[in-house]
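> just to be clear, the model below is a prediction. Sequence and coordinates:
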Amino acid sequence: MTWTPWRLAALVGPLALLAGCGRPGPGGPSGSAQSPSPPRQVLRYGNSAEPQDLDPQVVTGTPEYHLIQCLFEGLLTIDGRTGQPAPGLAKAWEVSPDGLTYTFHLRENLRWSDGSPITTDDVLKSWKRMISPRLASEYAYLIYNFVAGAKDYYDGKETDFSRVGMRAPDGRTVVVNLVNPTPYLASIIANHTAWDVLPVAVLSRFGGLDERSTPWTRPGNLVCCGPFMLKEWVPQQRIVAVRNPNYWDAAHVRLDEVDFFPTEDIAAEERMFRAGQLDRTQEIPVSKIDTYRRENPEVLHIDPYLGVYFYRCNVTRPPLDDVRVRRALALGIDRESLIRNVTRGGETPAYAVSPPGDAGYTPRARIAGTLEDARRLLAEAGYPGGKGMKPIQLLYNTQANNKQIAEAIQEMWRRNLGVESDLINQEWKVYLDSQHTHNYQMERSGWIADYPDPHVFLEVWESGNGNNDTLWSNAAYDSLLHQALRAGDNATRYEAYQKMDAILVDECPVIPIYYYKRPYLMSPRVKGYWINELDNHPFKEIYLEK
Amino acid sequence: MIRFVLQRLIQTIPVVWVIITATFFMIRFVPGGPFTAERAVTPEILKNLEAHYGLNKPLYQQYLDYCGKILRGDLGPSFKYPTRSVNEIIAEKLPVSVELGLLSLSVALGVGLPLGVLAAVKRNTWIDYLCSSFAMVGICIPTFVMGPILILIFAIHLGWFNASGWYGPIDRVLPSLTLGMVYAAYVARLTRGGMLEVLSQDYIRTARAKGASETRVIMRHALRGGLTPVVSFLGPAIAGIVTGSFVIETIFQIPGIGREFVNSAFNRDYTLVLGTVVLYAGFIIGMNLVVDVVQVWLNPKLKFE
């Protein structure tokens, strides 16, 4: 066999050739901006991650939520300006005086994106699917916790759906009966996808109605009822939603198209924004906030975000089983300094668990006291100046600036109280496993609201709640929570919440640190966009300035 | 040669089986599962979810089920993406990684080989120093530094490319360059070394004595021997380029299999972890086999044994 350089070419050539004939892509995202006049209104939206799916009853994450908000609509939706529930597929709704019955009146001539009519049958069968054990929806409890008979249906104790408190007395009305008066039910329906209405005829075409993994959400299959409909979904590349002509309010939808880009890497997302590929990012690296504040303040947005960042104590592990130690540690953190020097996103320092102004509720209780008080508490607990206390094992997960925050707090405790702590870093799911199995002493945590209501932040600390994980339990607290659940009006309810917040501040099973803010970048040409605490911006209201 | 290849293929069967078994049990023993979330799922819901995916069966039963499926070529449903099967995800993403890998390899060879040859021929001149410095710089700058720098210059400041994405042919340029340059640097160094060794051999002197032109001596006589180290390097390198493109795929948001490989482990997407591990294992074994064959082809002193 004689050797020629061509043999090398024979080796390399096909590789290069093969690689060269890449599939022609759908054109860069900037390509759509150069269409002939009038320019199409195309919003290019950084959406942080590839969605798991587009089935409103199966997905759980925020990226999916943004997509579903674009494609689907429930009986109620939210008003972007006020963040309050507004009519969606239902043109009006009433609540009975005892707060136990909700009646929804559907609009006339509602149509799915394929033109077929939306009926009360779709509404009821969608809700039935949501509480079907076979579907195993992660958010099924957002229905079965509230609706009469729904829990028994989910548990299989009741197999007849007509015994669940959901019915349609006529073709345009849906009635829901509740276990307790739930003044925030409208807020849940408007903000969460669990109550969305699905095209049951389409679902049945791709398998059983309550089957979990059918291809009904693929482009070409997916039929929806929101302001936009699915046109293209290239995994890990982009999802294109175009205007839905059959949407009841199509005349007021101003965007022609929304392109969603999965942008897992926030540094890459920021570069895409700078290169003009995105109109809005989902996040911004913390290290870049100061630069943007200085050089491009017009694109930097820092919105309030309904959530709290806190340290969770395992109250069974000494020395954290002593409330005085927990209180001392809560007092030993200089929250203002932490926000100014470490988090730098303009967060609000948290001195109570519930965020202020959440659905009109602001906790009166506050973690208050001086460092002197903290040292005294420690001394009373038997650790004067931190002496005799083993280092506190502080667990955090790898992401974001948890480490920097933990280091700062470690130093504050050392300097202010003489308390030592060890930092332990775990990967996300390992960390969650440690939390749920109570295999930690103290850990960093966060809690973000699904819907705006103080209940979200307070129900968690009920004894035995699946998300409590502190092993803290307090009978007075639990009874206040049940009192609040039974209360028909917000005044009574909020008064119970005030007492619950006071108990939390007093007992410190969790040490609140700050209320989240949401920093992101957005082009000034995006309009029809109002600040709200759930980062919930109805796409039908958004438009681009020419 | 066919016998050699067949023999080697049979040897890989137990290897792949060990890999599947080890991965299956390792991923199960990692704390946290596919449904571990910040918002804990209620026990009732968790039970139904586990029943849906067969996770309520005893582990050995799940293992046997999985082995049965894999024999039929079914890698199972993904946990993270409920409507997609692992087969589908691989079919969708692997071609992207392969395309990126081949383009990068073309860059690596297209840049690395000429530089290496040039450096060897012009040994100890400024050309050699220039080529060798390039190689050192290429090896020393990691892709996660090189990538953002290229994006900064060519996408953000000059506006020639998208900062990330994988839409049109133009989006292939920056990622291929970034990934290719690292390997180009290695190829250049290896080629230079190989060529230097060969150029001092007797048969090269003979070729020159017989009046062969310098081009002919290098291209026809020296290059063949000089490339042996490059070929040995290329096998693992190709496997590395295709499987190790995670960083590049993240920086440039490329929908390749490398990201799935890494993210599936974070997501505890058991079936996707297994699927990608099996795929990569097969790929690496396959590439090593190809290298063995090519080496015999290039070097007449070796035989298939």
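Happy to help now that I have it.

> which residue ranges form the helices in the stretch 51-200 of chain B?
Under the criterion DSSP state H, counting those that start in this stretch, the stretch 51-200 of chain B contains helices at B:59-71, B:86-121, B:126-140, B:143-150, B:173-199.

> er, the stretch 51-200 of chain A actually
Going by DSSP H, counting those that start in this stretch, the stretch 51-200 of chain A shows helices at A:62-71, A:120-130, A:141-144, A:150-155, A:185-191, A:200-205.

> between the helices of the stretch 51-200 of chain B, which gets nearest to A:Ala368?
Among the helices of the stretch 51-200 of chain B, the nearest to A:Ala368 by Cβ to Cβ is helix B:143-150 (46.0 Å). To be clear about C-beta, it is placed using only N, CA and C from the backbone, and glycine gets the same treatment.

> please point out which parts of stretch B:99-117 sit buried.
B:99-109, B:111-113, B:115-117 (16 or more other Cβ atoms under 10 Å in any protein chain shown).

> swap in stretch B:227-236?
By 16+ other Cβ under 10 Å, the buried positions in stretch B:227-236 come out as B:Leu227, B:Thr228, B:Pro229, B:Val230, B:Val231, B:Ser232, B:Phe233, B:Leu234, B:Gly235.

> how far is it from where the chain is centred?
14 Å (Cα atoms, centre = their mean, to the nearest Å).

> right, and the helix or strand after the longest strand anywhere in chain A?
Looking across chain A with DSSP state E, the single longest strand is strand A:300-313. Of the helices and strands lying after strand A:300-313 in sequence (DSSP states H and E), the nearest is helix A:323-331.

> can you give the distance of the next helix or strand after that following helix from its chain's centre?
Once helix A:323-331 ends, the next helix or strand along the chain (criterion: DSSP H and E) is helix A:335-338. Its chain's C-alpha centre and that of helix A:335-338 lie 25 Å apart, by Cα atoms, centre = their mean.

> any idea of the mean pLDDT in helix A:335-338?
For helix A:335-338, mean pLDDT rounds to 96.

> what's that helix packed up against?
strand A:348-349, helix A:402-417, strand A:510-521 (3 or more Cβ pairs under 8 Å, 6 or more residues apart in numbering or on different chains; DSSP states H and E).

> report the buried residues of it.
Buried, per 16+ other Cβ under 10 Å, within helix A:335-338: A:Arg335, A:Leu338.

> got the angle for the longest strand of chain A vs strand A:510-521?
160 degrees (axes from the mean of the first three to the mean of the last three Cα atoms, to 10 degrees).

> with adjacent residues omitted, what lies nearest to B:Lys69?
B:Gly76 (5.9 Å; Cβ to Cβ, 6 or more residues apart in numbering or on different chains).

> most tightly surrounded among the helices and strands packed on helix A:335-338?
Across the helices and strands packed on helix A:335-338, averaging neighbours per residue (mean count of other Cβ atoms under 10 Å in any protein chain shown) puts strand A:510-521 on top, at a mean of 23.

> circling back: let's have the helices and strands packed on helix A:335-338 in CSV, adding distance to A:Lys546 and mean pLDDT.
Shown next, in CSV, are the helices and strands packed on helix A:335-338 (distance: least, Cβ to Cβ, whole Å; pLDDT from 0 to 100):
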stretch, distance to A:Lys546, mean pLDDT
strand A:348-349, 36, 95
helix A:402-417, 42, 95
strand A:510-521, 21, 95
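
> redo the ones you listed as a markdown table? Include distance to A:Ala250.
Formatted as a markdown table, those follow (distance: least, Cβ to Cβ, whole Å):
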| stretch | distance to A:Ala250 |
| --- | --- |
| strand A:348-349 | 39 |
| helix A:402-417 | 44 |
| strand A:510-521 | 28 |
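
> buried sites along the longest helix along chain A?
When every helix of chain A is counted residue by residue (DSSP state H), the longest turns out to be helix A:490-507. Buried positions in helix A:490-507, judged by neighbour count with 16+ other Cβ under 10 Å: A:490, A:493-494, A:496-505, A:507.

> and that helix, what does it pack onto?
So helix A:490-507, by 3+ Cβ pairs under 8 Å, 6+ apart, packs with helix A:323-331, helix A:455-458, helix A:475-486.

> to A:Val253, which of those helices lies closest?
Among the helices and strands packed on helix A:490-507, helix A:455-458 sits nearest to A:Val253 (Cβ to Cβ), with 30.3 Å.

> quick check, A:Pro89 in contact with A:Phe72.
Just to correct that, residue A:89 is Leu rather than Pro. No - using Cβ atoms under 8 Å, A:Leu89 makes no contact with A:Phe72, being 9.6 Å away.

> joint contacts of the two?
By the contact definition Cβ atoms under 8 Å, 6 or more residues apart in numbering or on different chains, A:Leu89 and A:Phe72 are jointly contacted by A:Val197, A:Cys225.

> how about the residues of the stretch 51-200 of chain B by chain A?
B:51-52, B:77, B:80-84, B:89, B:92-93, B:99, B:101-103, B:105-106, B:109-110, B:113, B:148, B:151-152, B:155-156, B:159, B:161-172, B:176 (Cβ under 8 Å from any Cβ of the partner chain).

> how about the helix or strand hosting B:Pro236 and chain A, touching?
Here B:Pro236 sits within helix B:228-243, counting by DSSP H and E. No - counting by Cβ under 8 Å from any Cβ, chain A has no neighbours in helix B:228-243; the shortest distance is 8.8 Å.

> tell me the angle that helix makes with helix B:86-121.
Using the same axes, to 10 degrees: helix B:228-243 against helix B:86-121 is 150 degrees.

> contacts for helix B:228-243?
So helix B:228-243 is in contact with B:97-98, B:100-101, B:104-105, B:108, B:112-113, B:116, B:179, B:183, B:186-187, B:190-191, B:193-194, B:258, B:261, B:280, B:283-284, B:287-288, B:290-291, B:294-295, B:298-299, going by Cβ under 8 Å, 6+ apart.

> tell me what the helix or strand that it is followed by is packed against?
Later in the chain than helix B:228-243, the nearest helix or strand by DSSP H and E is helix B:246-251. Contacts defined by 3+ Cβ pairs under 8 Å, 6+ apart place helix B:246-251 against helix A:266-274, helix B:86-121, helix B:143-150, helix B:173-199, helix B:257-267.

> now render the ones you listed as a markdown table, adding distance to A:Arg163.
Output for those, formatted as a markdown table (distance: least, Cβ to Cβ, whole Å):
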| stretch | distance to A:Arg163 |
| --- | --- |
| helix A:266-274 | 48 |
| helix B:86-121 | 40 |
| helix B:143-150 | 59 |
| helix B:173-199 | 58 |
| helix B:257-267 | 38 |
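
> format these as a markdown table; extra columns: distance to B:Thr23 and mean pLDDT.
As requested, the helices and strands packed on helix B:246-251 are exported to a markdown table (distance: least, Cβ to Cβ, whole Å; pLDDT from 0 to 100):
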| stretch | distance to B:Thr23 | mean pLDDT |
| --- | --- | --- |
| helix A:266-274 | 29 | 93 |
| helix B:86-121 | 13 | 91 |
| helix B:143-150 | 26 | 92 |
| helix B:173-199 | 26 | 90 |
| helix B:257-267 | 10 | 90 |
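
> which one of these lies nearest to A:Glu459?
Across the helices and strands packed on helix B:246-251, closest to A:Glu459 is helix B:257-267 (Cβ to Cβ), at 27.7 Å.

> and the closest one, what's buried?
B:Ile257, B:Gly258, B:Arg259, B:Glu260, B:Phe261, B:Val262, B:Asn263, B:Ser264, B:Ala265, B:Asn267.
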